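# This is a predicted model, with the sequence first.
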Amino acid sequence: MEGKKVIAVNRRARFDYIIEDSLECGISLQGSEVKSIRAGKISFPDGYAVFEKGELWLKNVTIAKYDFSSVFNHDPDRPKKLLAHRMELKRLERRVTEKGYTLIPLDFHFTKGRVKVQLGLCKGKKQADKRESIKEKDIKRDMDREVRNRLR
């Protein structure tokens, strides 16, 4: 996609959850937060999104304070409001109320100069599922290694 620059990726989410659907949302941010994100100072290992009064909020995402800002800096741990179309929010809210679904931020990126978050509609993996995905990854790595060795 043209004009998309990835800032941070939540690789742990793909290991811990089964991602069934995803949605790109805008984020309501303050000026110093955007500058801090441009510097790559964002952390979201246990971040999630919740619905409160019909609005979607991003929680447990830390955007570090901007070093060159004045006294009027932002609160690093404040909840951030997510921006999406009303119909998309209704569809997501119905799916999240089902048992076991949660909204997890998969990555943060710039699209045409604006900060966006890719949310995944996820269901938690069981320990056996995690072992299975590790096994599949190992098999794929071994197969790729064999192919490379045979080409030499």
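The structure has been received and is ready for your questions.

# which residues in this protein form helices?
11-16, 31-38, 86-96, 127-151 (DSSP state H).

# Tell me which other helices or strands the third one touches.
Using 3 or more Cβ pairs under 8 Å, 6 or more residues apart in numbering; DSSP states H and E as the contact criterion, the neighbours of helix 86-96 among helices and strands are strand 17-27, strand 48-52, strand 55-59, strand 101-111, strand 114-124. Backbone N, C-alpha and C define where each C-beta goes, glycine included.

# Would you tell me which of the helices of the chain gets closest to N73?
Nearest to N73 among the helices of the chain is helix 31-38; the distance by Cβ to Cβ comes to 5.4 Å.

# Run through who's touching that closest one.
7, 29, 42, 63-66, 68-69, 72-74, 108, 115 (Cβ atoms under 8 Å, 6 or more residues apart in numbering).

# Narrow those residues to just the buried residues.
Buried by 16 or more other Cβ atoms under 10 Å: I7, L29, I42, I63, A64, Y66, N73, H74, F108, V115, out of the contacts of helix 31-38.

# And these, which is closest to Y17?
F108 (17.2 Å).

# ok, now which ones touch that closest one?
V6, I7, A8, I37, I42, F44, V115, K116, V117, Q118.
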